[in-house]
Structures are given as structure tokens and as C-alpha cells.
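**Student:** Structure, please.
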Amino acid sequence: MEAKYAALRRAVEETAAVDAHAHNLVAAASSFPFLRCFSEADGDALAFAPHSLSFKRSLKDIAELYNCEASLDKVEEFRKAQGLPYISSKCFQAANISAILMDDGIEFDRMLELESHKDFVPTVGRVLRIEWLAETIINDLEPHIKDRQPYSNIHYIVCQLANKIVGLKSIAAYRSGLDIDPSVSKTDAEDGLRKELAGRRPFRITNKSLIDYLFTCSLEIAVMFHLPMQIHTGFGDKDLDLRKCNPLHLRSVLEDERFAKCQLVLLHASYPFSKEASYLASVYSQVYLDFGLAIPKLSVQGMTSSLKELLELAPIKKVMFSTDGYAFPETYYLGARRARDVVYRVLSAACEDGDLSIHEAIDAIEDIFRRNALDLYKLNVANGSIHQKTMITDSTISTSCVEQEVLFVRIVWNDASGQHRCRVVPAGRFYEIAKNKGVGLTFASMGMTSFCDGPADGTNLTGVGEIRLMPDMSTILRLPWSRREEMVMADMQIRPGEAWEYCPRYALRKVTKVLLDEFNVTMKAGFENEFYIRRKLVSEGRERWVPYDNSSYCSTSSFDSASSILQEVYSSLEEADIVVEQLHAEAGKGQFEVALKYVLCTLAADNLIYAREIIKSVARKHELIATFLPKPDLNDIGSGSHVHLSLWKNDQNVFMGSNEYNYYGMSNVGEQFLAGVYHHLPSILAFTAPHPNSYDRIQPNTWSGAYLCWGKENREAPLRTACPPGVPLDMVSNFEIKSFDGCANPHLGLAVIVAAGIDGLRRGLKLPEPIESNPADYASKLKRLPQDLLESVESLAADKTLHELIGDKLITAIIAVRKAEIDHYSKNPGAFGDLIHRY
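**Tutor:** Below is the predicted model:
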């Protein structure tokens, strides 16, 4: 039989599906338990999920995809080691989903923004859950609800959003059931609202009159804007009364002439009322069916019988696929995989029974998986989504829409000289075109220096040739200091989807993948940002930028003088989801430090760029300058961007030693990785201390690391292992690199560190004994790190390992840029003064 229906099998596997009903993924750090991937159960009942047929089958399906042992522990171990981006890409690719229609009204811990799902699927449409919208509005309107008109507010907002969504959705079945009274009065609804407001907070709608009124109001809007309305029916969350979830209860709504043209989509295959749903779809033109959740949550026989029952009476043109995926990318994969299998089973049986020809069955596959949803949700028109937030002020309700409020989007990159650059695109054009297709940029962009906006000789980069700056929408940020603008980090690509080998973000991703693939290890990083704040002083017609204050290290008065600025910096960083661990005044005149929490190194590099942008922009707002230049004043203390690094496997710190292996507090993996960094440190400096000015900072007795050595809690060593509070005294949790400064491109700096660590792990390198006092006391025995940029560049040029791991072309360009800087500033020493405006 399989050979007979080979064309049918091929069609069902190859059709790119439209997932017509799904929910947001959650971040890897979410508290939402992975076991919920397999079951709608919660609490104590969840413990029995592994004993269900669907769990046992689904676990094997996931293990087969991941090529790992079919146990929950091994699957969870794999997904933690690989990380969410890899897992998501793998699951969505295997699922072959081309579009998702997403209800983002359900709330999970650390839920991802709707737009971020476009990293995995080309098209994402938004479905607006009406109960969530109503609860959001009414909760925010309190305690002045009596003076408002929440129903008209809801009506207004939905009307404003109508051309930005693909449909509406109701979960009335979960609250009061599907026996909707379409003639319920506004007076009854208001009485229901008063009763609800006397109850718990936050407000959650359960009153039947209120729910019925919201439901009918939403149907009126759906008719007005030709929007389909999704309705939960049958089984689902445990708070529903299954007896009230039979879609036959909707007869009064279906018979109401006002809603005869409103297309209603019955979700969850209405299981266990699939036959009833099939009947309704056969006799009411406005009823459509969606079988997500029933597939894959039922047994194989249950899924097959449910789909058969839907197709017993319902026209094929009314039956649609969805995964009802949520929280975990595996739910999308399981829904798609099993749907393809079950649809094949049912349609091949229909062919065998004579209900369909093979040609008709293949056409049905296109309808069920793709065409029906495209037609119903008008995806040829609404082929994307813009995530909007409802904002409620003291006197008005309005919708915040990207096209309406944001004027510009800054597409940001950091070049080979460590300078922040951006292309600015009007928001309308960005969301219509640039978001998916990028903007053009000359090859020369990665060959520019800090003194000239043209490519340095020897970079092999010229004005001939163009790349694409492709926005990474997971990094989109509304600018806290300029509310009508956004900024987004960009990848450099030859064409969409194909990385450019000079791209710094790609270089870091490439080596972190090697680290993960070969050693199952990831690296986390946390940066300490040192910077000077300067104020303008005009005297005798001459402009100078002078220190903001003259206080000392950790001075209370110094912090107090800049407190309002630092408060704004902190609030802006918090808005950008960048966690600050400490702030304090540093030893220089007008110098401060903001220390950021460690995160995965790829995110840490992005965060550092955003942190610098925020700090400089807030200072500029106050008519000040914040500069990260390593040595803006040769007579004062230098500024670093010290980075703390740790190694992780399966959410465990594996840099730290253990009872099995403890070398000065380090594990074997930790020692070998650090030994690789130690071995390549002179070459690394060409990336982490990339400017001639960097070497004015790296001097003995300045806590900047001037000698090639390492030490535990030795702040004069360039490599310091650290034992922060909470870590046992005989252990270390991370190491710090002191010779990293604000001229460095953080992606390239971290990439070369990872590459050096990989070499240490591959060769099993060992560290020398630590230096436990001031390295300057051993000056005759210790080797000095490069004393100028030329020495670092020469070391890098001879470092074959870094050439291999980072890439010859990128290394060649870096060396050429550095040599151009060396030549220019040696001939123009006064040019250093202008660099406070560039770094």
C-alpha cells in the first residue's frame, strides 16, 4: 500500500504548512517545565504524563530528531547543550512550516516576543485574544472604571488593530462555556463587570453575561473587518467544564443573522465532539475546523479517528492544520510530524475506500495544510505581523503601533576598528522591506579605521561589491532616550541567509559552534564598562572637555554628583533587558564603572554595544560626553572593558573545579581553556586592545595586566581567576581578562578568546604556576605583553591557529586596519584628542 500511495506520501511530507493556531515560545531560562511539552496537565497531575501513550510516542519522535537516547533526561540534556536557537531552527526546519498564526494572549514565564519567531519562520501573523485584551484594559483602567466605557475602548482598540491582525480568538469555553447568549444586554454585562470587580486581582473574566457580551461585540467587529474568529472547543486546559465545550452549544450564535457572514474556526478538532463539529461545518457555511492539539496530544488511534470524524461530513475546504504549538519548539515539530502522518493515513484509507482518487487526495493535502488557511486568513494581504502593545493612560486609551509611533529604525553594526555605526531607515520602509531583505552596504565598511572612512590598504576590501545588513529582530529595541526610534543589531550577509566571512557576529557564532560541537561547552561573559564623563568648558573662545568631577575611587560624593545620570543609564539598561550588577565611581577624574551580569557570550557582545550606546546617549542628553577611550588623559588612570568569562555545560559551571580535579580552583576543562588564552594572549591583544592608545593604558602597576602571567584574585595580572561571594574559597568560578578595552569590537574580541580556548582544549594545554603578587616584582623573569600595537599585530600575523579558526580573510583585514592606525597616529600624535568623540 505504501508504494501505491508514494505520490501521496511525498505530497504530505513536502507541502510547506501554514500553522493556523499556535502560541509563543519561551526563553531557555523560563520556569515553564519542559514536561508540559507533552501534556495539558498541570500540578500533581503532570507527574503522570510520562505514562500516557502520547508521551511515550512523542518522546521517541523527539529523540529520533535529536539522535539521542529516548529518555526525558537525555532529551533535556541535549536541548540544554545545544541552546534554544539551534533547537528552534532544527524543529521548525523539520516541521516544514512556512507561516504561523500566533495567539500571544497566553502568558508564560519569559515568553518571547512575537516578532522573534521570524528567526525560524518567514511569516508570523497575530491572532488577538479578546478576553486577554479586555482583562488588560479593565485591569489598567481601575480604580476609575466607573468613569470609563471599557466596551467602547475594546471596540476602538480592535478597530485600530484590525489591519494588523489576521483574526480574533475567544476562550469563552474555558470560562463560562459555549452556550453564548447573543442577545445579552449591555446592562447585564455591566452588572457582571461590577460583580467581577468585587473579586480577586488581577481581574480575570468569568461572569457569563460579561463574557457573552464581549463575544458578541467581537463578532460584530469580525464581521465589520472580515476577520475570522477562532473559538476554543472541546478539550484543553483543566479549568474548562468539558460538558459546556460541545460546539453544538453555539447554535444560537450560528442562527443569528447578524453573524451569518462571520467565519468561525472551531479549534482542537472539538475533541471529543469531533462528529458534532463535522456536522456543524457541513450545514453552516461560516463554520471551519482546525485539528491542532488533538494532533499530537491523542494516541495514534485517537488522532486518526478524530480526523476521520471531522472529514465524515465536513467539506475538505473547511478543515485546517495547526500545531497549537506553545512554549517549546518541539511542540511545533510534534504537531507537524504527526499531522502529516495522520493525514496520510486518513487520506490513503479514503482512496482505498473509493472516497477519493489519489489526485483528489493530493489536492486535499494542499487544502488542509496550506490553501484553506491562506484563503480564510487572507494571508496574501496580512503576510506578516507587527507586535503592538495596548497603552492605557490617565485619560485616554491608544494603541502603540510601530508604523504610527516609530519614525526611524537604526540598523547597527560594529566595524573592525570598534566603532559603532548605523544605517537609519524610516520605520514604514523598514517593516515593509528592510526587515526581511536588509539594506546594502559597501565591502569597504569592514576596512575602515578610526581616522578615515575609507578602507585601509591591504584589507582587500574596496568600494566594489556590496553586502546586506540583515536586521536580527531578536535584538530590536525602542530607544529609551529617543522614543520615536528603534535600533537593531545587524548581521552582514552576502545575500539573505548567507553569512559574509568578515561579519563580526558571524565570527563569534562560528567559533562558539565549534566549542559546542567538539566539547559540548558554551561560554558566558560579563563586561565591566569603565568610562569617563566630561563636560564642556569654553574659555577665551576655546572649547575643552574637562573632567566631570575630581573625586576618588568609589567616592560617595562622586557618585552623588552623577547620580541622576547613572539612574537614567540604569533605567535605560533595564528597559533593554541588560542586567546591571554594580555601579561605582572609578579612580580617574570623572571616571565611572557599570558592571553587567554575565550571559551567553553572543548576547553579551550585543549587550555591550547597546550599553555603550545607552551610556553615551544619556550623557549627550545632559550635554556631556561619555568616552570609553582607553587612555583619554595620559596623566590619569585608563579605562578598560574587563570581561569575566565562564564555561558551561548543561547549565553547570564547568570552569570551576571539583573533587575529581582542582587546579587552583579550576576544572581540567577550565585549566586547558585558560591555558589556550594564556598561550595566545599576545595575539589576542590585537583584537581586545586594538588601538595604539590601548597600550598607553596597559602599563605595570595600573591593574591593567602588563606581563604575561595569571593569578588567583591578582588584579595586576592580565588573566585573573575569581572567587566571588558564594563560591567555596578553594574554587574559582570564572576568569577575568584585564586587557580588553572600549575600542574593541566585542564580537571579534570574544571570538578570538573562544578560538584560543578551543586550541587549549584540543591540545590539552597546561598553565604555568600562578603569580601571587605584583608581576612587576618579577619583571626580570616574566615576559612583557606587547608594549605597542605593532607587537600584537606581529604576533597575530604569525598565529596560524587563530588564522584557521577565525578565517584568513578577516585576520588579513584586521591586520591591515591595525597597521594603518599605527602609521597614522605615529605621524599625528595630536589626533588622539579627537577620539573621545568616536569611542
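
**Student:** What is the neighbour count of C68?
**Tutor:** A count of neighbours around C68, defined by other CB atoms under 10 Å, yields 15. Where you see a C-beta, it was placed from the backbone N, CA and C, and this is true even at glycine.

**Student:** same question, K510
**Tutor:** Residues within reach of K510, counting by other CB under 10 Å, total 18.

**Student:** show me what contacts the nearest residue to it once chain neighbours are set aside?
**Tutor:** Leaving out its chain neighbours, the residue that sits closest to K510 by CB to CB, 6 or more residues apart in numbering is A751, at 7.6 Å. For A751, the set of contacting residues under the criterion of CB atoms under 8 Å, 6 or more residues apart in numbering consists of P504, A507, L508, K510, V511, F687, I806.

**Student:** if we take those, which one ends up nearest to S116?
**Tutor:** Within the contacts of A751, distances to S116 taken as CB to CB reach their minimum at L508, with 19.3 Å.

**Student:** Could you give the bridge partners of D103?
**Tutor:** For D103, the beta-bridge assignment (DSSP bridges) gives partners V127.

**Student:** That one contacts M111, doesn't it?
**Tutor:** No - with contact defined as CB atoms under 8 Å, D103 does not count as touching M111 (11.8 Å).

**Student:** Mind checking which of the two has more residues around it?
**Tutor:** A direct count of neighbours by other CB under 10 Å for D103 and M111 places D103 higher, at 24 against 19.

**Student:** Can you list the neighbours in contact with stretch 301-320?
**Tutor:** Counting by CB under 8 Å, 6+ apart, stretch 301-320 makes contact with 20, 265, 269, 271, 274-275, 277-279, 281-282, 287-291, 294-296, 298, 338, 342-343, 345-346, 349-350, 364, 367-368, 372-373, 376, all of which sit outside it.

**Student:** lowest-pLDDT helix or strand in this protein?
**Tutor:** For the chain, counting by mean pLDDT, DSSP states H and E, strand 389-392 ranks last in confidence among helices and strands (a mean of 31).

**Student:** returning to what we had before: how about the contacts of A751, which pair is most distant?
**Tutor:** For the contacts of A751, with distances taken as CB to CB, the pair at the greatest spread is K510 and F687 (14.8 Å).

**Student:** re the thing from before, which ones among the contacts of stretch 301-320 lie within strands?
**Tutor:** A20, V265, V287, Y288, L289, D290 (DSSP state E).

**Student:** is it true that the fourth one touches L376?
**Tutor:** Yes - under the criterion of CB under 8 Å, Y288 lies in contact with L376, with a separation of 6.3 Å.

**Student:** Comparing the two, which residue is more hemmed in?
**Tutor:** For Y288 against L376, the residue with the higher neighbour count under other CB under 10 Å is Y288, and the figures read 27 against 21.

**Student:** and whichever helix in the chain runs longest, what's its mean pLDDT?
**Tutor:** Ranked by number of residues, the top helix in the chain under DSSP state H is helix 329-353. The pLDDT scores in helix 329-353 average 95.

**Student:** Check which residues of that helix are buried.
**Tutor:** Taking 16 or more other CB atoms under 10 Å as the neighbour-count basis, helix 329-353 is seen to contain the buried residues 329-351.

**Student:** With stretch 365-377 instead?
**Tutor:** Along stretch 365-377, these residues count as buried under the neighbour rule (16+ other CB under 10 Å): I365, D367, I368, F369, R370, R371, N372, A373, L374, L376, Y377.

**Student:** Distance of the first one relative to L8?
**Tutor:** The spacing between I365 and L8, counted by CB to CB, to the nearest Å, is 7 Å.

**Student:** The second one now?
**Tutor:** With distances defined as CB to CB, the gap from D367 to L8 amounts to 14 Å.

**Student:** same check, this time on the last one
**Tutor:** Plainly put, Y377 is 26 Å away from L8 if you go by CB to CB.

**Student:** do the fourth one as well
**Tutor:** In this structure, F369 and L8 are 13 Å apart, going by CB to CB.

**Student:** try the third one
**Tutor:** I368 sits 12 Å away from L8 when distances are taken as CB to CB.

**Student:** show me what contacts the residue nearest to the spatial centre of the chain?
**Tutor:** Closest to where the C-alpha atoms of the chain average out (CA atoms, centre = their mean) is S474, at 4.1 Å. Contacts here follow CB under 8 Å, 6+ apart; on that basis S474 touches S116, D119.

**Student:** Helix, strand or coil: sort out it for me.
**Tutor:** At S474, secondary structure determined by DSSP: H, G, I helix; E, B strand; the rest coil is helix.

**Student:** swap in W413?
**Tutor:** At W413, secondary structure determined by three-state DSSP is strand.

**Student:** Output the contacts of A751 as CSV; include the columns pLDDT and distance to L608.
**Tutor:** Below are the contacts of A751 laid out as CSV (pLDDT from 0 to 100; distance: CB to CB, whole Å):
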residue, pLDDT, distance to L608
P504, 95, 12
A507, 94, 15
L508, 95, 12
K510, 92, 19
V511, 94, 17
F687, 96, 14
I806, 95, 19
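
**Student:** with these in mind, which one is nearest to S561?
**Tutor:** The shortest approach to S561 among the contacts of A751 belongs to F687, at 35.1 Å (CB to CB).

**Student:** Could you double-check that the closest one lies in contact with A744?
**Tutor:** Yes - between F687 and A744 there is a contact under CB under 8 Å: 6.3 Å.

**Student:** Now do the shared contacts for I365 and L8.
**Tutor:** Here I365 and L8 share the contacting residues L347, scored by CB under 8 Å, 6+ apart.

**Student:** just for the protein, where's the confidence low?
**Tutor:** Across the chain, the ranges flagged by pLDDT under 70 are 1-2, 139-163, 199-203, 380-404.

**Student:** Now do the residue sitting furthest away from the middle of it against Y548, distance only.
**Tutor:** If you look at how far each residue of the chain sits from its centre, by CA atoms, centre = their mean, the farthest one is E540, at 51.6 Å. Distance of E540 to Y548, computed by CB to CB: 22 Å.

**Student:** for K308, same thing?
**Tutor:** Taken as CB to CB, the span from K308 to Y548 is 75 Å.

**Student:** swap in P50?
**Tutor:** Between P50 and Y548 the distance, using CB to CB, works out to 61 Å.

**Student:** Comparing those two, which residue is more hemmed in?
**Tutor:** Shown here are P50 and Y548; by other CB under 10 Å, Y548 has more neighbours (23 against 13).

**Student:** The more buried one touches R534, doesn't it?
**Tutor:** Yes - using CB under 8 Å, Y548 makes contact with R534 at a distance of 6.1 Å.

**Student:** Can you check which residues contact both of the two?
**Tutor:** By CB under 8 Å, 6+ apart, Y548 and R534 have these common neighbours: G590, L624.

**Student:** The residue lying closest to P272 once chain neighbours are set aside: which element?
**Tutor:** Using CB to CB, 6+ apart and skipping the chain neighbours, the partner closest in space to P272 is G234 (6.5 Å). Remark: G234 resides in no helix or strand, with elements defined by DSSP states H and E.

**Student:** Phi first, then psi, for G234.
**Tutor:** phi 70, psi -150 (degrees, to the nearest 10).

**Student:** and the nearest residue to P775 once chain neighbours are set aside, how many neighbours?
**Tutor:** Here the nearest residue to P775 in space, its sequence neighbours aside, is Y707; by CB to CB, 6+ apart that works out to 4.0 Å. Other residues within reach of Y707 by the criterion other CB under 10 Å amount to 20.
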